[in-house]
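A.B. asks: Sequence and computational prediction follow.
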Amino acid sequence: MAQAAPFWTASGLGYRVTLQQGLAFGLVGLTVAAFIWGRFRYDLVALAALVAGLAIGVIPAEDAFAGFANDVTVIIACALIVSAAFARSGIVEMALKRVLPHLKTERSQVPVLTTAVTLLSMVTKNVGALAIMMPVALQVARRTGTPQSRLLMPMAFGAMAGGMVTLVGTSPNILVAEVRQDIVGQPFQMFDYAPVGLALTAAALVFLAFGYRLLPRDRTGTLGLSAALSANAYLTEARVPDDWTLEPTTITALAALAPDDIRVMALIREGKRRARPRGNTIVRAGDTLLLKGDQEALEGFIDATKLSLVRGDRPVLLEQAKDEVHLVEAVVGADSPLTGQSVRQLDLYGQHGLNLLGVSRSGYELTQHLRTAKLQAGDVLLLQGSEAALPKVLTALQLLPLAEREVRLGGKRRKYLPAVVLAAAMVMVGFGILPVAIAFFGAAVVIVALGGLKMRDAYAALDGPLLVLIAALIPVSDAIQQTGGADLIAGALKGLFEGIPPVVAVAGMMAVSMAVTPFLNNAATVLVVAPIAGVLAQQLGHRPDPFLMAVAVGAACDFLTPIGHQCNTMVMGPGGYKFSDYPKLGAPLSLLVLVIGPPMILLFWPM
């Protein structure tokens, strides 16, 4: 490590900045300025900083790509895959299905939904937990008329709070554990964050259960492309299996099993069709129901009622073993050979290997059997087929695919697989059987190998900008340490922190981390601030743990802006929030964390 010669401080003795230190400070300073400016993407700024560091010699060539091989990057990537598998499994919706119908007002919706996403973020990455719960919250808001703006921000804050409890809940915890490894030779373990995190999370949940009233009610959320497409009402057929366990059940009772609105357009029994059957009609084994609803509602209904799609069980022929079954939405073009033809006449499965799972048509309600309905130009078809064969089939039939989005109707779910695999990984980490990176890498591979998530969906779950940001900034932040810059800054801060009560010192470090996060992104904040905090603790003669915990908590708690944390960014559009809405709820919550956090840290991690 480069040594600094005595130079100047307010007391007359300090440190001279070497050329390498000056270059490292300049590099970090320009990187921070670019982040604050916001003109360019975070990941692009980080990559440019990495290239610049190599060019000026503060980052050795052999360390250029160390961040991409770092355990931190692997853990975050695998946590994202596991979170995506949770979302795909439907286990969260199943756990909440008995509770959701009773959430009539925002007074019950806010605490229940916020608690659910908070608990989920303790075992999966907080961004993934919020992504899982947001559609549930939007459905509840739609059903009850509750403004989305009253639900989404408390959920985002709850996800951030819950992420503080475990190592994998949020990126700052993983990064701080890595810094501790460099300082004392031992990282924080999976549940080391739990004592402080649980206390702060409990306080946050109590506050959010009442504090949501500070949020405006008149915000109108923007409708994303995926949400706009999901509003399409599809018509599909589902058969009541012969071994059905719910018999006898009326149509009204059947519809009540799922939280979303589903319309039964017809009931087909022994070849006879009864259009728009009454609610007291008994549904029996062997019946076929013609159902109408959006894709998510249909999927939830079929899953809850244990029905089977009429065409979903026909096997799709795959051209190669590595090929996958894919679902696509496509519009019937004006010159398509499907126009004016019925599914029976077309023989889509026999001729093209396609299963027609649903039809969406505007302006006219279909009540006839799907295989006899004549298709029209403008109809939206939900097709299941071989991923490799679909492009040429769509071209041949002159079908125009809609924008890419996740379509799950007719797909198989592995409800318990992600939960079981994740629990096994966390137990092995908790008992020290496996390192965190190996355990979560193994969990991600096992989930994909056993069908909990397709490889395509696993790649889609990876947050490329976040992973690149972290991997590129790790060598940049290391440059401050390797040149002795962290020692220099810590020496300058030593005079400010010396002699003050420990709780004030910890609160000060937490406040610095909390103040910097909105401008740098929470991962970048930890990479810059945590090494300095660790060195400062050593120079003051204290253990580094309370200072590192303070940095982790401060970086995880960006409740003031929509840009410092992904959770805040995710809810900004759907909630219709303005920049000024975040401090209304976030400022008192940040103050609460600053008051409770330092004493709790010192209680469990004394100086």
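C.D. replies: Right, received. Where do you want to start? Predicted model only: the values in this text are computed from it and were never measured. Numbers count the residues shown, from 1 in each chain.

A.B. asks: next helix or strand past the helix or strand of the chain at the bottom of the mean pLDDT ranking?
C.D. replies: Every helix and strand of the chain was ranked by mean pLDDT, DSSP states H and E. The lowest is helix 225-230, at a mean of 48. Going down the chain from helix 225-230, the next helix or strand is strand 234-239, by DSSP states H and E.

A.B. asks: Spell out the residue ranges of the strands in this protein.
C.D. replies: Assigned by DSSP state E, the chain shows strands spanning 234-239, 249-250, 263-269, 272-275, 282-283, 288-293, 308-309, 325-332, 355-360, 380-386, 399-401.

A.B. asks: want to throw those strands into CSV with mean neighbour count?
C.D. replies: Heads up, the C-betas are built off the backbone N, CA and C, glycines and all. Shown next, in CSV, are those (neighbours: other Cβ atoms under 10 Å):
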stretch, mean neighbour count
strand 234-239, 23
strand 249-250, 16
strand 263-269, 19
strand 272-275, 12
strand 282-283, 18
strand 288-293, 23
strand 308-309, 19
strand 325-332, 20
strand 355-360, 23
strand 380-386, 23
strand 399-401, 17
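
A.B. asks: would you turn those strands into JSON lines with distance to Ile447 and mean pLDDT?
C.D. replies: Compiled in JSON lines, those are given as follows (distance: least, Cβ to Cβ, whole Å; pLDDT from 0 to 100):
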{"stretch": "strand 234-239", "distance to Ile447": "28", "mean pLDDT": "79"}
{"stretch": "strand 249-250", "distance to Ile447": "34", "mean pLDDT": "82"}
{"stretch": "strand 263-269", "distance to Ile447": "35", "mean pLDDT": "82"}
{"stretch": "strand 272-275", "distance to Ile447": "42", "mean pLDDT": "79"}
{"stretch": "strand 282-283", "distance to Ile447": "35", "mean pLDDT": "86"}
{"stretch": "strand 288-293", "distance to Ile447": "29", "mean pLDDT": "81"}
{"stretch": "strand 308-309", "distance to Ile447": "24", "mean pLDDT": "76"}
{"stretch": "strand 325-332", "distance to Ile447": "18", "mean pLDDT": "78"}
{"stretch": "strand 355-360", "distance to Ile447": "25", "mean pLDDT": "78"}
{"stretch": "strand 380-386", "distance to Ile447": "22", "mean pLDDT": "79"}
{"stretch": "strand 399-401", "distance to Ile447": "28", "mean pLDDT": "81"}
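
A.B. asks: So for Ala116, which of those sits nearest?
C.D. replies: Closest to Ala116 of the strands of the chain is strand 288-293 (Cβ to Cβ; 23.7 Å).

A.B. asks: What is that closest one packed up against?
C.D. replies: Here strand 288-293 touches strand 234-239, strand 263-269, helix 295-305, going by 3 or more Cβ pairs under 8 Å, 6 or more residues apart in numbering; DSSP states H and E.

A.B. asks: Next, format those as JSON lines and append distance to Gly29.
C.D. replies: As requested, those are exported to JSON lines (distance: least, Cβ to Cβ, whole Å):
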{"stretch": "strand 234-239", "distance to Gly29": "54"}
{"stretch": "strand 263-269", "distance to Gly29": "61"}
{"stretch": "helix 295-305", "distance to Gly29": "47"}
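
A.B. asks: Which one of these lies nearest to Ala46?
C.D. replies: Closest to Ala46 of the helices and strands packed on strand 288-293 is helix 295-305 (Cβ to Cβ; 35.6 Å).

A.B. asks: Pull the distance from that closest one to the chain's centre.
C.D. replies: In terms of Cα atoms, centre = their mean, to the nearest Å, the centre of helix 295-305 is set 22 Å apart from its chain centre.

A.B. asks: cool, and stretch 117-135?
C.D. replies: Offset of stretch 117-135 from its chain centre (Cα atoms, centre = their mean): 6 Å.

A.B. asks: quick one: low-confidence ranges for the stretch 351-500 of the chain?
C.D. replies: Applying pLDDT under 70 to the stretch 351-500 of the chain flags residues 362-369, 403-414, 486.

A.B. asks: coming back round to it: so which of the helices and strands packed on strand 288-293 gets nearest Val359?
C.D. replies: When the helices and strands packed on strand 288-293 are compared (using Cβ to Cβ), the closest one is strand 234-239, at 5.1 Å.

A.B. asks: ok, and what's touching that closest one?
C.D. replies: 265, 268, 286-295, 298, 302, 305, 307-311, 357-361, 366, 369-370, 380, 382, 409 (Cβ atoms under 8 Å, 6 or more residues apart in numbering).

A.B. asks: hmm, 7 Å instead?
C.D. replies: Identification of contacts with strand 234-239 by Cβ atoms under 7 Å, 6 or more residues apart in numbering yields 265, 288-295, 298, 302, 307-310, 357-360, 366, 370, 382.

A.B. asks: Also stretch 511-531?
C.D. replies: Taking Cβ under 7 Å, 6+ apart as the rule, stretch 511-531 contacts 28, 32, 35-36, 42, 171-172, 175-176, 179, 466, 469-470, 473-474, 477, 480-481, 486, 548, 550-551, 554-558, 560-561, 563-565, 590, 594.

A.B. asks: Drop anything exposed from those.
C.D. replies: Among the contacts of stretch 511-531, the ones that count as buried by 16 or more other Cβ atoms under 10 Å are 28, 32, 35, 42, 171-172, 175-176, 179, 466, 469-470, 473-474, 477, 480-481, 486, 548, 550-551, 554-558, 560-561, 563-565, 590, 594.

A.B. asks: Please consider this matter closed, and thank you.
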